[in-house]
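Chemist: quick one, structure for this:
(one chain, ligands or ions: 2)
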Amino acid sequence: MLEKLKKSLKEAPVIQKECDGQTYNYFIHPISDGIPETDPAILEEIADFIIKDGKTGGIDKIVTVEAMGIPIATALSLKTGIPVSIIRKRAYGLDGEIELSQSTGYSKGSLFINGLDKGDRILIVDDVISTGGTLLPLLEKLGEAGIDIAGVYCVIGRGSGAEFVKEKTGVDVTVLVDIDVSADGVSVIGGVK
Ligand SMILES: O=P(O)(O)OC[C@H]1O[C@H](OP(=O)(O)OP(=O)(O)O)[C@H](O)[C@@H]1O
Ligand SMILES: Nc1nc2[nH]cnc2c(=O)[nH]1
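Modeler: Numbers count the residues shown, from 1 in each chain. Ligands and ions are numbered 1, 2, ... in the order given. Predicted structure coming up:
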């Protein structure tokens, strides 16, 4: 299962990014960076897995975070007919816009939620979870806004972000493939069976 994704991850190069005086080993992969190019068969593998997992019924919107959640959410949308709403990195100033602070192992910034209504039942998809510094504040803001989370999928997991988010929010994060990243490269260490 997810064999194309796993095989390609083992070939992912790793670069070093500096943030707050710390070095972060950042892997580069088509699903998380769009580089060198994305094989549609991998996107299809991911979308098919999520659909088969059975949480797309009764969903109002698939929600993702700019930028690299977008191809995954779009593939899923094309297969299910469920619309996509994107959490953006820029403000629009629309009524009801919600801002949240995002931090990753290599960056800090703001995200802006628009287009979601109280009572919406959503499925969240994203490319990577690492520290959980994106997903945790997002889930907190969505909870405050009365949005119903039917499921959360992160295609690639590294570190303990998924466990951290579960501990803080009670929300289960399904990670499709777990990896370990060092300066020498990426190894696949687990994931859904
Ligand atoms: O668990 P975390 O440590 O928060 O890392 C995960 C986040 O990192 C990436 O976001 P990034 O802001 O780099 O976005 P992009 O490359 O998709 O634009 C990814 O798309 C996740 O949203
Ligand atoms: N491409 C990429 N995205 C990430 N998001 C969080 N960590 C990483 C990483 O190491 N590589």
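
Chemist: who does the residue nearest the centre of the chain bridge with?
Modeler: By CA atoms, centre = their mean, the chain has its centre lying nearest to residue 126, at 1.7 Å. Under DSSP bridges, the beta-bridge partners of residue 126 are residue 154.

Chemist: correct me, but it touches residue 155?
Modeler: Yes: Residue 126 is within contact range of residue 155, at 7.5 Å (criterion: CB atoms under 8 Å). C-beta here means a position set from N, CA and C on the backbone, and glycine is covered the same way.

Chemist: between those two, which contacts overlap?
Modeler: Both residue 126 and residue 155 are in contact with residue 72, where contact means CB atoms under 8 Å, 6 or more residues apart in numbering.

Chemist: buried stuff in stretch 37-52?
Modeler: Of all the residues in stretch 37-52, those buried under the rule 16 or more other CB atoms under 10 Å are 38, 42-43, 45-47, 49-50.

Chemist: make JSON lines from those and add secondary structure to it.
Modeler: As requested, those are exported to JSON lines (DSSP: H, G, I helix; E, B strand; the rest coil):
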{"residue": "38", "secondary structure": "coil"}
{"residue": "42", "secondary structure": "helix"}
{"residue": "43", "secondary structure": "helix"}
{"residue": "45", "secondary structure": "helix"}
{"residue": "46", "secondary structure": "helix"}
{"residue": "47", "secondary structure": "helix"}
{"residue": "49", "secondary structure": "helix"}
{"residue": "50", "secondary structure": "helix"}
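
Chemist: ok so, going back, quick one: the residue nearest to the centre of the chain and residue 22, what's the gap?
Modeler: 22 Å (CB to CB, to the nearest Å).

Chemist: what number of residues lie near the residue of the chain found nearest ligand 2?
Modeler: Nearest to ligand 2 in the chain, going by CB to the nearest ligand atom, is residue 32, at a distance of 3.3 Å. For residue 32, the count of nearby residues is 20 (other CB atoms under 10 Å).

Chemist: next: residue 86.
Modeler: When neighbours are defined as other CB under 10 Å, residue 86 has 19 of them.

Chemist: which residues of this structure score low on pLDDT?
Modeler: Under the criterion pLDDT under 70, the flagged ranges of the chain are 193.

Chemist: before we move on, the earlier item: now render the buried residues of stretch 37-52 as JSON lines, adding distance to ligand 2.
Modeler: Below are the buried residues of stretch 37-52 laid out as JSON lines (distance: CB to the nearest ligand atom, whole Å):
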{"residue": "38", "distance to ligand 2": "13"}
{"residue": "42", "distance to ligand 2": "14"}
{"residue": "43", "distance to ligand 2": "16"}
{"residue": "45", "distance to ligand 2": "18"}
{"residue": "46", "distance to ligand 2": "15"}
{"residue": "47", "distance to ligand 2": "19"}
{"residue": "49", "distance to ligand 2": "20"}
{"residue": "50", "distance to ligand 2": "19"}
